[in-house]
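Asker: sequence? don't have it. structure:
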């Protein structure tokens, strides 16, 4: 079975602080895909990144960066110099292959205070 | 760019009534997924369709049914509504086997059962 664990239920930071959201996954498959989604208070799910199991290269996109480590089954997400607009629920998700359902973690509520 | 369209955006029903949610995928996307997100919960996979055939099934109640039509739009039919059906229902679409495997989410339909 596939499982995604986001141990941090809620994180509060002050603007400009860096924050890391943890994600640990479980799967027996060798081919899988990992995702991060942002859900702002308005409710929509915003795609942030996708990674396949064969690509452990870390990625940086502006203030966002992701660290994928197969050895620890982790796919952590770091926001540098956080801003109030980053306040949202962040979900890590896993799928087995293209065209397959997403299994979501419980989500981490991020609150960025000014 | 065209996005996934869901209608209605908000729906209020009484217990034991029926509801129909509609999803219009991005043009040329042939796979549709339905997810249910209860208050404070992560999205849970309900069902998916590929080329108008059911491709996968999750924890969808027997009171719910869904189908994908010839124009690839999908409808989720919910009968004998219960209070616990109050949730945000997301539809997502994708073009499996091509692109980066990303599922594009619609804005969601917020169903409230009174």
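Answerer: Ah, there it is. For clarity, every value in this text was computed on a predicted model and none was experimentally measured.
Asker: Okay, now the unreliable bits of the chain?
Answerer: Went with chain A since none was named. Along chain A, segments meeting pLDDT under 70 span A:98-99.
Asker: please go with chain B instead
Answerer: Flagging of chain B using pLDDT under 70 yields the residue ranges B:96-101.
Asker: who in chain B is up against chain A?
Answerer: With C-beta under 8 Å from any C-beta of the partner chain as the criterion, chain B meets chain A at residues B:31, B:33, B:35, B:41-45, B:48, B:50, B:55-56, B:58, B:88, B:90, B:92, B:94, B:96-97, B:100-105, B:107-108, B:110. All C-beta spots, glycine's among them, are computed from the backbone N, C-alpha and C.
Asker: who does the residue nearest the centre of chain B bridge with?
Answerer: By C-alpha atoms, centre = their mean, the mean C-alpha position of chain B lies nearest to residue B:34, the distance being 3.3 Å. As for beta bridges, residue B:34 partners with residue B:47, residue B:91 under DSSP bridges.
Asker: from memory it sits against residue B:46, does it?
Answerer: Yes - between residue B:34 and residue B:46 a contact is recorded at 4.2 Å, counting by C-beta atoms under 8 Å.
Asker: Mind listing the shared neighbours of the two?
Answerer: When contacts are counted by C-beta atoms under 8 Å, 6 or more residues apart in numbering or on different chains, residue B:34 and residue B:46 have B:60, B:66, B:76 as shared neighbours.
Asker: Check the burial of residue A:48 by counting its neighbours.
Answerer: Look at residue A:48: counted by other C-beta atoms under 10 Å in any protein chain shown, it has 16 neighbours.
Asker: Ignoring the adjacent residues along the chain, who's closest to it?
Answerer: Nearest in space to residue A:48, with sequence neighbours left out and distances taken as C-beta to C-beta, 6 or more residues apart in numbering or on different chains, is residue A:36 at 4.3 Å.
Asker: One more: residue A:77?
Answerer: Excluding the flanking residues, the one nearest residue A:77 by C-beta to C-beta, 6+ apart is residue A:21, at 4.5 Å.
Asker: repeat for residue A:12
Answerer: Among residues not flanking residue A:12 along the chain, residue A:111 sits closest, at 4.5 Å (C-beta to C-beta, 6+ apart).
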